[in-house]
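1. Sharing a model prediction with you, sequence too.
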Amino acid sequence: MLPPQLPPLPALTRAEAEFIDCYLEVLDQLGRINPARGGDTYGALRAAQALASRATALRDALVSMHERGESEIHADTLARALRLLDGERRAGRVAPPPAPSS
């Protein structure tokens, strides 16, 4: 039996796809740095070092969009892509975890 098919990603320009990929990579690094999530200092240090290069790549993707005349960010389309690429879970790692219930 085959696994269920995921819905296809919305049509994105190359620059938009790079923008989404870089944005998610930044989220991943921020999630690894999040002090409320615990872990070790070395792992957080490595994530912080990687964050700088990922942020640069994110900036470059936006520059590319701008230079190609893509002056508008199509929020609905990009939000759909983020959801399909597990963006909600990845963004959730940046926020503090829920308070323990008493």
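-> Done, it's in.

2. Break down the protein into its helices, ranges please.
-> Using DSSP state H, the helices found in the chain span residues 14-33, 41-67, 75-84, 87-92.

3. which one of these has the most crowded surroundings?
-> Using mean count of other Cβ atoms under 10 Å, the stretch among those with the largest mean neighbour count is helix 14-33, at a mean of 19. Just so you know, the C-beta spots here come from the backbone N, C-alpha and C atoms, and that holds for glycine as well.

4. got the CA coordinates for it in PDB?
-> Extracted C-alpha coordinates of helix 14-33, given in PDB (Å, rounded to 0.1, in the frame of the first residue of the first chain):
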ATOM      1  CA  ARG A  14      12.500  30.200  -8.200                       C
ATOM      2  CA  ALA A  15      13.100  33.200  -6.000                       C
ATOM      3  CA  GLU A  16       9.900  32.600  -3.900                       C
ATOM      4  CA  ALA A  17      10.900  29.000  -3.400                       C
ATOM      5  CA  GLU A  18      14.400  30.100  -2.300                       C
ATOM      6  CA  PHE A  19      12.800  32.600   0.000                       C
ATOM      7  CA  ILE A  20      10.600  29.900   1.600                       C
ATOM      8  CA  ASP A  21      13.500  27.500   2.000                       C
ATOM      9  CA  CYS A  22      15.700  30.100   3.600                       C
ATOM     10  CA  TYR A  23      13.000  31.300   5.900                       C
ATOM     11  CA  LEU A  24      12.400  27.700   7.100                       C
ATOM     12  CA  GLU A  25      16.100  27.200   7.600                       C
ATOM     13  CA  VAL A  26      16.200  30.400   9.800                       C
ATOM     14  CA  LEU A  27      13.300  29.100  11.800                       C
ATOM     15  CA  ASP A  28      15.000  25.800  12.300                       C
ATOM     16  CA  GLN A  29      18.200  27.500  13.600                       C
ATOM     17  CA  LEU A  30      16.200  29.700  15.900                       C
ATOM     18  CA  GLY A  31      14.300  26.700  17.200                       C
ATOM     19  CA  ARG A  32      17.700  25.100  18.100                       C
ATOM     20  CA  ILE A  33      18.800  28.200  19.900                       C
END
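
5. the inter-axis angle of that helix versus helix 41-67?
-> Relative orientation of helix 14-33 and helix 41-67, computed by axes from the mean of the first three to the mean of the last three Cα atoms, to 10 degrees: 160 degrees.
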